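Participant: Need a 3D model of the sequence below.
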Amino acid sequence: PDRILRDCWEIFAQNARIVYEEIDYRREAANAQQFAENFKDVPWLRVPKMHLNYSTSRVLTMEYCPGVKVRTKPFFLFK
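Facilitator: The predicted model follows:
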């Protein structure tokens, strides 16, 4: 039983760490900037610019980009 509890606690601790890393919006902003760089040559894709001066680990401020969700317009797949 002790081993099972330790294993469960270790799994919980690892997942908690990962979740907290995922909700750090500074990291999310860096990922968005990398994504924008990776897909800069795709003419139909626009990634909002990050406003880092107005963002923190708990607040992500980015440019507003009007548009439609890809899943609502399946014809995007055929253009």
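
Participant: what sits up against the lengthiest helix in the chain?
Facilitator: Of all segments of type helix in the chain, defined using DSSP state H, the longest is helix 2-22. Applying CB atoms under 8 Å, 6 or more residues apart in numbering, the contact partners of helix 2-22 are 27-28. In short, each C-beta sits where N, CA and C put it, glycine included.

Participant: Tell me how far it lies from the chain's centre.
Facilitator: Offset of helix 2-22 from its chain centre (CA atoms, centre = their mean, to the nearest Å): 22 Å.

Participant: Find the residue closest to the residue nearest the centre of the chain in space, skipping its chain neighbours.
Facilitator: Taking CA atoms, centre = their mean, the centroid of the chain lies closest to Glu28, which sits 4.7 Å from it. For Glu28, ignoring the flanking residues on the chain, the nearest one in space by CB to CB, 6 or more residues apart in numbering is Leu60 at 5.8 Å.

Participant: since we're on the one you found, how many residues are nearby?
Facilitator: 19 (other CB atoms under 10 Å).

Participant: just use 12 as the starting number from now, easier for me
Facilitator: That works, and once the first residue is 12, the last one we named lands at Leu71.

Participant: For the protein, give me the ranges with low pLDDT.
Facilitator: 12, 16, 81-82, 84-90 (pLDDT under 70).

Participant: 90 instead, please
Facilitator: 12-35, 38-39, 54-57, 68-69, 76-90 (pLDDT under 90).

Participant: which residues does the closest residue in space to Leu63 that isn't next to it in sequence contact?
Facilitator: Leaving aside its sequence neighbours, Leu63 sits nearest to Ala40 (CB to CB, 6+ apart; 6.2 Å). Counting by CB under 8 Å, 6+ apart, Ala40 makes contact with 61, 63, 66, 71, 73.

Participant: Narrow these to just the buried residues.
Facilitator: With burial judged by 16 or more other CB atoms under 10 Å, the buried subset of the contacts of Ala40 is 61, 66, 71, 73.

Participant: I'd like to know which of the residues you listed are part of helices.
Facilitator: Judged by DSSP H, helices contain none of those.

Participant: closest to Thr83 among these?
Facilitator: Met73 (21.1 Å; CB to CB).
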